[in-house]
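Next one to model:
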Amino acid sequence: MDSRNSSRFAEKSNDIWNPTPSQTAQTTSSMKPLRLWYSVATPSDAEVKASFAVQDRLRRLRLASIILLLMLVILVSFIRLALLSKNPLLFPIIVAGIALCLFSIFLNRLGHVNTVGIISVITVNTAILLNLITSPSGHLSMDGFLTFDLLVFSELLAVSLLPPSSVFFVAALNIACICVDVFLQAHAPDLEHLWRVESYTLLVRPIALQIVVAVVTFLWVRGALRAFKRVDRIEEVERLQYALAEQKRDLEFGIQQIQQALVEAANGNFSVRTPLAQENVLWTVASSLNTLLARLQRSNQSEQELQRIRSEVLRLVTIAREAEVKRVPLRLMPSGTLLDPLLKNLSGRYLLQPSPGPDRPSRA
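Reported below is the predicted structural model:
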């Protein structure tokens, strides 16, 4: 059942990651502003065949760039509200947050996604807690108590930008901040009344929310990462199968070419060659075979030349005997062999018997 679900998930992922041309054109046009932002706030894209770790890091960098962009837009939109607020420290807090967002975008461009995640978590928690501590009344009201629920955003940032297990550390930090603020900061009358009646319920609710969000997000992200790893392994197996199929086709083609060359050479055609490219796995074998065929071709040509010279020598002997008997000059035609200079030198000459000398008896 698990393998069946994995194959279905892989098919859906392939449909998503390998869209049709029309889908690619629509996606390219709609994602153009986002790609422009990625080119500003993230490093260059990873390779197509990059490992899962590299792809996951690029995914977190892109997600961090989007989160930082949203945080920057929200903080800028709160500037007017901060100027009109009765809290004098709200405007400096927002300005500091904008500065940290810009600095985090710069770090994200350099690829420090873990540092960006830590800064983002600290920024969100600090902004929320400072807003509670620096309230005009200086007391923790019921509305401020409900603001503790916003601390779950730091958990979402942690589980998205940092290793998934870090969400439990952030949840523990949030719970500690809630407890410290509740027990140390003075309570407003509305919260003080409820605190005396239902203190346990009031305190458990934000703590339980932090724990539930941490557990659920951790399980969800871990399951998603495992699913992506399974898909990555399936794609890796498919790439290996494709590479093996390509190698098999190259081997079959190379063996066929070498076999044809050997058959031609066995039939006496030593001019044949195996036209294999260097990318073929049998290229070294084909190159050695071509060298052997070239040497056999030169040897065959030398043997044919020697046969022609032998035939020409026999013809020259026959012509010389006839010329000697008939006492006519030698009439020798070029043969196209190495004997042509000799034939040219002997052509037109007579072959005469030596005259009898005093020491040689004359023939009767």
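
what helices or strands is whichever strand or helix holds Ile255 leaning on?
Assigned by DSSP states H and E, Ile255 belongs to helix 189-266. In terms of contacts (3 or more C-beta pairs under 8 Å, 6 or more residues apart in numbering; DSSP states H and E), helix 189-266 is packed against helix 2-17, helix 52-77, helix 142-146, helix 152-161, helix 166-184, helix 283-326. Every residue, glycine included, has its C-beta placed from N, CA and C.

Residues contacting the helix or strand hosting Val95, please?
Using DSSP H and E, Val95 sits in helix 90-110. Residues outside helix 90-110 that contact it (C-beta atoms under 8 Å, 6 or more residues apart in numbering): 40-43, 61, 64-65, 68, 71-72, 75-76, 78-79, 81-83, 85, 115-116, 119-120, 123, 127, 130-131, 134.

so after that helix, what's the next helix or strand?
On the C-terminal side of helix 90-110, the closest following helix or strand by DSSP H and E is helix 113-133.

Check which residues of that following helix are buried.
Within helix 113-133, the residues that count as buried by 16 or more other C-beta atoms under 10 Å are 113-114, 116-121, 123-132.

Which residues are in contact with Gly111?
Gly111 touches Pro43, Arg57, Leu61, counting by C-beta under 8 Å, 6+ apart.

The same query, at a cut-off of 7 Å, please.
By C-beta atoms under 7 Å, 6 or more residues apart in numbering, Gly111 lies in contact with Pro43, Leu61.

That one and Ser299: what is the separation?
Plainly put, Gly111 is 63 Å away from Ser299 if you go by C-beta to C-beta, to the nearest Å.

Can you say which of the contacts of helix 90-110 are buried?
If you count burial by 16+ other C-beta under 10 Å, the buried members of the contacts of helix 90-110 come out as 41-43, 61, 64-65, 68, 71-72, 75, 78, 82, 116, 119-120, 123, 127, 130-131.

one step back: Throw the helices and strands packed on helix 189-266 into TSV and include mean pLDDT and distance to Lys229, thanks.
Below are the helices and strands packed on helix 189-266 laid out as TSV (pLDDT from 0 to 100; distance: least, C-beta to C-beta, whole Å):
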stretch	mean pLDDT	distance to Lys229
helix 2-17	48	11
helix 52-77	85	6
helix 142-146	86	39
helix 152-161	90	17
helix 166-184	92	19
helix 283-326	80	37
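
Which of the ones you listed sits closest to Thr201?
For the helices and strands packed on helix 189-266, the distance to Thr201 is smallest for helix 142-146, at 11.8 Å, taking C-beta to C-beta.

what sits up against the closest one?
Leu132, Ser135, Asp190, Leu191, Leu194, Leu202.

Nearest to Phe228 among these?
Nearest to Phe228 among the contacts of helix 142-146, counting by C-beta to C-beta, is Leu132 at 38.2 Å.

Mind giving me the PyMOL select for the contacts of helix 142-146, buried ones only?
Of those, the buried ones go into a single PyMOL selection, burial set by 16+ other C-beta under 10 Å:
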select buried, resi 132+135+191
